[in-house]
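Participant: Below is the structure, and that's it, no one-letter string:
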């Protein structure tokens, strides 16, 4: 499958691309870096400007792309333009190009504002608002076959290959496990039109996804 990964140079994005390449997909990664991120025959690179208008974004997307991952983020520097509006423009572009499969990396409890009372989330309130409305657009205003993976706090430790889905606590995740989960939902019918949170847990990733 030819896959566009928006945000390929990020912490999750780079691990995701490695997984997709290992799975023999043809991957186009977007990054502002000039140097090619991965030395693989099934990898190519695109400098996609999320601040551009929707038509310009759409014109840069290969006509043969079959699925899009949005794992980009502004790092709290340009939340409205990148994390919200940039994401929505890529959804609109996918829809107009007939690319049906769209997978969004989001944050735990992004759509449940009743859970936003913790101090950890309060410190990230603007980020949560941006993700909330981007996710809302994907679910309520698009016709895409979406999956939204709401990851908990990202940690730089080794993955276990096991997670919990839709836990009651915010929790945390190994970055490696988030990337593996994103890769696993690609062709999982159980993940179609689903929104789920993920935390470190005891269930193998494929089994957890099958339970959705």
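Facilitator: Alright, I've got the coordinates. Here the structure is a predicted model, which means the values were calculated and not measured.
Participant: Confidence-wise, which helix or strand of the protein is lowest on average?
Facilitator: Least confident helix or strand of the chain, by mean pLDDT, DSSP states H and E, is helix 119-122 with a mean of 82.
Participant: Can you tell me what sits against the following helix or strand past that one?
Facilitator: Downstream of helix 119-122, the first helix or strand assigned by DSSP states H and E is helix 125-140. Residues from elsewhere that reach helix 125-140, judged by C-beta atoms under 8 Å, 6 or more residues apart in numbering: 76, 79-80, 83-84, 87-88, 91, 102, 104, 106-107, 109-111, 113, 116, 121, 144, 146, 148, 195. Yep, even glycine has a C-beta here, placed from its N, CA and C like the rest.
Participant: Over to stretch 183-192?
Facilitator: By C-beta under 8 Å, 6+ apart, stretch 183-192 touches 1, 3, 16, 19-20, 23, 67, 101, 103, 145, 147, 149, 205-206, 209-212.
Participant: where's residue 193 relative to residue 34, distance?
Facilitator: 38 Å (C-beta to C-beta, to the nearest Å).
Participant: Between the two, which is the more surrounded one?
Facilitator: Neighbour count, other C-beta atoms under 10 Å: between residue 193 and residue 34, residue 193 has more, with 10 against 7.
Participant: give the contact list for the more buried one.
Facilitator: With C-beta under 8 Å, 6+ apart, residue 193 has these contacts: 145-147.
Participant: likewise residue 65?
Facilitator: Here residue 65 is in contact with 2-4, 28, 97, 99 (C-beta under 8 Å, 6+ apart).
Participant: Which of the three states applies to the most centrally placed residue in the chain?
Facilitator: Geometric centre of the chain, nearest residue: residue 105, 2.6 Å, by C-alpha atoms, centre = their mean. Under DSSP: H, G, I helix; E, B strand; the rest coil, residue 105 falls in the strand class.
Participant: isn't it right next to residue 11, touching?
Facilitator: No: if you go by C-beta atoms under 8 Å, residue 105 and residue 11 don't touch, sitting 10.6 Å apart.
Participant: how about residue 29, secondary structure?
Facilitator: When the rule is three-state DSSP, residue 29 gets the label strand.
Participant: for the record, mean pLDDT for stretch 58-75?
Facilitator: Mean pLDDT, stretch 58-75: 95.
Participant: what sits opposite residue 27 in the beta ladder?
Facilitator: residue 3, residue 43 (DSSP bridges).
Participant: what's the spacing between it and residue 125?
Facilitator: 34 Å.
Participant: swap in residue 189?
Facilitator: Taking C-beta to C-beta, one finds residue 189 at 35 Å from residue 125.
Participant: Among residue 27 and residue 125, which residue is more densely surrounded?
Facilitator: residue 27 (25 against 10).
Participant: Would you mind listing the residues in contact with the more buried one?
Facilitator: Counted by C-beta under 8 Å, 6+ apart, residue 27 has contacts 2-5, 8, 17, 20-21, 38, 42-44.
Participant: Pipe those residues into JSON lines and attach distance to residue 175 per row.
Facilitator: Below are those laid out as JSON lines (distance: C-beta to C-beta, whole Å):
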{"residue": "2", "distance to residue 175": "25"}
{"residue": "3", "distance to residue 175": "19"}
{"residue": "4", "distance to residue 175": "20"}
{"residue": "5", "distance to residue 175": "15"}
{"residue": "8", "distance to residue 175": "14"}
{"residue": "17", "distance to residue 175": "13"}
{"residue": "20", "distance to residue 175": "15"}
{"residue": "21", "distance to residue 175": "17"}
{"residue": "38", "distance to residue 175": "17"}
{"residue": "42", "distance to residue 175": "22"}
{"residue": "43", "distance to residue 175": "20"}
{"residue": "44", "distance to residue 175": "24"}
